[in-house]
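In: Provided below for reference: sequence and predicted model.
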Amino acid sequence: MANILAVDDSASMRQMVAFTLKGAGHNVVEAVDGVDALNKAKQQAFDCVVTDVNMPNKDGIALIKDLRALPNYKFTPLLMLTTESGMDKKQQGKDAGATGWIVKPFNPDQLLKTIQKVLS
Amino acid sequence: MAIDMAQFHQIFFEESFEGLDAMESGLLNLDMGDVNVEDINTIFRAAHSIKGGSGTFGFSAVSDFTHVMETLLDEMRDGRRKITQPIVDVLLGSVDCLREMLEAIQSGKALNLTGIAQHKLALDDALKVSEAQTNLSNIGQSEHTESELSAVSQVDGWNIAFSPHFDLLKTGNDPIRIFRELSSFGNLDSIVDLRGVPEIYDLDPEECYLSWKLILKGNIAASDIEDAFAWVEDNCDLSMQVILPPSSVSVEMPEQSREIRLQQQSQLPEPIPLPQDKQKPIENQEPSKATAAKAASSSIRVDTAKIDTLINMVGELVITQSMLSLIGEHFDLTKLDQLKNGLSQLERHTRELQESVMNIRMLPISFVFSRFPRLAHDISSKLGKKIELKLIGENTEVDKTVVEQISDPLVHLVRNSLDHGIEMPDVRSAAGKPETGTVILEAYHRGGNIVIEVRDDGKGMDKDVLRAKAIEKGLISEDTVLTDKQCYELIFMPGFSTAEKLTDISGRGVGMDVVRRNIEALGGNIEVISNLGKGSTISIHLPLTLAILDGQSIAVGDETYILPLGSIIESLNIKEDRINRVIGQGETYLLRGEYLSIVRLHEIFHTPNVKATTLTEGLLIVVEGQGARYGLFVDDLLGQQQVVIKSLEANYRRIEGVSAATILGDGSVALILDIPGLLRLANQ
């Protein structure tokens, strides 16, 4: 069981991610944008962060960059949820320090498999 | 694990509709000359969210469609594409199309495939200009790569050289995880190369100095291995060599030790879907009709601050309750003051709780107003008029039911103003007015009511024309005397229309009476004031909430009835000399020169034990509703109070003359009277 921060401005995606992860026994905290996520990440230590890329108030790339700069998140798996067409986003994310990505659309099983992989 | 994705559909639809609204208003606000990147970003984000969500929840038609929009928006955002009015119009059309698609899916209806294909074509056309060539080359490239890879059909395993860069760990990746994944494909042997590890004094524990030679045995697809390394491809040097089975080591495989660069495949952009992709119906993935329809009306999005207030209030209530029960446990008269204090506290908390619960149902009227800029934009360009629409008081909160029901009547009123009210630019300048007409849509609170006004500075309405029209249509007789107000109210009569020719914008004159009926069904009323040549104002008054009513309780015999406070004009003691009795037509009362019909409540409801049967013994309440005005004869006035409306139709059945019921403080049920209904009953 791990503590996971799920960040997405879209409530449906956020809830889907949270529901899936909770179903697998993880503790999930939700954040609605990058600023919210950064605040929550500072208050509590997370084992993994899953973030959307396109968000108002600090997008996913900037969030990853800021998180990576925090001592507690130097080695933490930071995953971004991105669409296939966003190859340049993947590169930007990598440059900002993202661990990897999950390509949208994804189903709950794919999400769990990927999360399991970085937490093992 | 199996997760029912349908549970997220409703919220996906809600946020998608919000996203579409945001896209629409964003597109309408785009200033061609000076485009703000953040505006485009907002529009792009909304499209992107809808695409991501629809893909995840299985609405592929929607995600395909949004994908094309997104590509176009992306180019606009990067400045690769100039923003022109035709493109904005195509995008606006696409927003409408998407909205229709989502509505159709939500309600389980079939998609309008031809309409969608048309919009898709328009989008594709807009994209084609610059995209066509790059696309073609991309598709060619991807086929090439795939055929190369598929040539290697049977392999024995792979030799992999993996040298992470120093910074690999700092991306949150870990070689051990990659090895674990690889070993799930087949038998993995690893040989670690320690040569890169520095002396202990120079060693930085946060960096990765190791590299590996890996031998992975099994018939494994190159793409599986590439996937395992996909996240670290930039943070390592990687080479893969295929180990072929002994039998196939022959001339037919000239590239048997071929290196495959990882980037090749993963950097290919996804090809733009072709329009015919979407011709296939998507019935299978649509939610069932019943669940979609039910879900649509049952949920409400509430600001969390409101919920917090509510929880706080309940907390206070619990404290008061425990205080009261403590007093009640060993009660004697010395504690009477404490008890009174406690009860008044209870009353206060209950009232606050009531207010905050009511507040939950309140939504800003911007939910309704937000669609009007688009409406004004479309209609003014269609009619060739110059119109500015001003929205005032968009944050005024109204009941959710009002938000849902007021939209159509308002659309009708605004359309009327745009179509009939505002004149053509040349007519306006000839009349000495600015060429651009103004329509103001305003909402505000007044007393316990919400007032919504539609004002325009157009040509106004001509009383004489209205009157002549009504006579011509046989709605009134030629000798009918009408006040100014009554003249304007003629427009609300069924079958009345002043448009010289029918337009597809304002409809066929069936509207205004329906508008009035809808508004009265919400417990409100509608008024019109016009000034010839200067413009018209239509005001709608609506109750703040539909769940609670300000009532006046009245007594007739043993019964208590409630009259809506807003319908009472005055109440008076009856003077014998003002009563007129006309045989066969009942009784009237002369009040300031006006004859009012007298309706005896006890006769209508056959109430027993009536105190006042002669008129002079009781009271006459002058009431008004839906144009009807009469005197209601009752025993006595009791008090004013707020009552909670309980639907009779839902709990019993519809009764003429009664609009609803409520429960009084003593637990008895009182009926809430319907003013026009009572008059109809009395006339029967």
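Out: Yes, it's here.
In: Any idea how many residues pack against B:Asn395?
Out: By other CB atoms under 10 Å in any protein chain shown, the residues close to B:Asn395 number 9. For the C-beta atoms, the positions are set from N, CA and C on the backbone; glycine is no exception.
In: Which helix or strand contains B:Arg99?
Out: Using DSSP states H and E, B:Arg99 maps to helix B:85-106.
In: Tell me which stretches of chain A form strands.
Out: A:3-7, A:27-31, A:48-52, A:78-83, A:100-104 (DSSP state E).
In: Show me where chain A has its helices.
Out: A:11-23, A:34-43, A:60-68, A:87-96, A:108-119 (DSSP state H).
In: pLDDT below threshold where in chain B?
Out: Along chain B, the parts satisfying pLDDT under 70 run over B:1-3, B:31-34, B:129-153, B:245-299, B:447-448, B:497-511, B:545-546, B:626-627.
In: and the helix holding B:Arg99, what does it pack onto?
Out: Applying 3 or more CB pairs under 8 Å, 6 or more residues apart in numbering or on different chains; DSSP states H and E, one finds that helix B:85-106 contacts helix B:9-29, helix B:60-78, helix B:113-151, helix B:289-298.
In: let's go with 7 Å and repeat that
Out: Applying 3 or more CB pairs under 7 Å, 6 or more residues apart in numbering or on different chains; DSSP states H and E, we find helix B:85-106 packed against helix B:9-29, helix B:60-78, helix B:113-151.
In: how about JSON lines for these, with mean neighbour count and distance to chain A added?
Out: Output for these, formatted as JSON lines (neighbours: other CB atoms under 10 Å in any protein chain shown; distance: least, CB to the nearest CB, whole Å):
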{"stretch": "helix B:9-29", "mean neighbour count": "20", "distance to chain A": "4"}
{"stretch": "helix B:60-78", "mean neighbour count": "22", "distance to chain A": "7"}
{"stretch": "helix B:113-151", "mean neighbour count": "14", "distance to chain A": "12"}
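In: any chance of the ones you listed in JSON lines, with distance to B:Ile540 too?
Out: JSON lines is the format used below for those (distance: least, CB to CB, whole Å):
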{"stretch": "helix B:9-29", "distance to B:Ile540": "22"}
{"stretch": "helix B:60-78", "distance to B:Ile540": "36"}
{"stretch": "helix B:113-151", "distance to B:Ile540": "34"}
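In: of these, which approaches B:Ala470 most closely?
Out: helix B:9-29 (38.8 Å; CB to CB).
In: how distant is that closest one from the center of its chain?
Out: 9 Å (CA atoms, centre = their mean, to the nearest Å).
In: Just the buried residues of stretch B:393-403, please?
Out: B:393, B:396-400, B:402-403 (16 or more other CB atoms under 10 Å in any protein chain shown).
In: Of the helices and strands packed on helix B:85-106, which is nearest B:Met493?
Out: Nearest of the helices and strands packed on helix B:85-106 to B:Met493, taken as CB to CB: helix B:9-29 at 35.3 Å.
In: What is that closest one packed up against?
Out: helix A:11-23, helix B:37-56, helix B:85-106, helix B:372-383.
In: contacts for it?
Out: A:10-12, A:15, B:39, B:42-43, B:46-47, B:49-50, B:53, B:57, B:88, B:91-92, B:95, B:98-99, B:102, B:106, B:287, B:295, B:299, B:301, B:370, B:373-374, B:377 (CB atoms under 7 Å, 6 or more residues apart in numbering or on different chains).
In: Could you tell me which of these count as buried?
Out: A:10-12, A:15, B:39, B:42-43, B:46-47, B:49-50, B:53, B:57, B:91-92, B:95, B:98-99, B:102, B:106, B:287, B:295, B:370, B:373-374, B:377.
In: related to what we said a few turns ago, chain B is nearest to which of the strands of chain A?
Out: With CB to the nearest CB, the closest approach to chain B among the strands of chain A belongs to strand A:100-104: 3.4 Å.
In: Contact partners for the nearest residue to B:Leu678 once chain neighbours are set aside?
Out: Spatial nearest neighbour of B:Leu678, chain neighbours left out: B:Gly657 (4.7 Å); criterion: CB to CB, 6 or more residues apart in numbering or on different chains. With contact taken as CB under 7 Å, 6+ apart, B:Gly657 is in contact with B:604, B:673-674, B:677-678, B:681.
In: and the closest residue to B:Leu572 other than its chain neighbours, what element?
Out: Across the structure, with CB to CB, 6+ apart as the measure, the residue nearest B:Leu572 apart from its sequence neighbours is B:Leu620 (5.5 Å). Take DSSP H and E as the rule and B:Leu620 turns out to sit in strand B:619-625.
In: Which residues belonging to that strand are considered buried?
Out: If you call a residue buried by 16+ other CB under 10 Å, then strand B:619-625 has these buried ones: B:619-623, B:625.
In: By mean pLDDT, point me to the weakest helix or strand of chain A.
Out: Ranked by mean pLDDT, DSSP states H and E, the weakest helix or strand in chain A is helix A:87-96, scoring a mean of 82.
In: Good, wrapping up.
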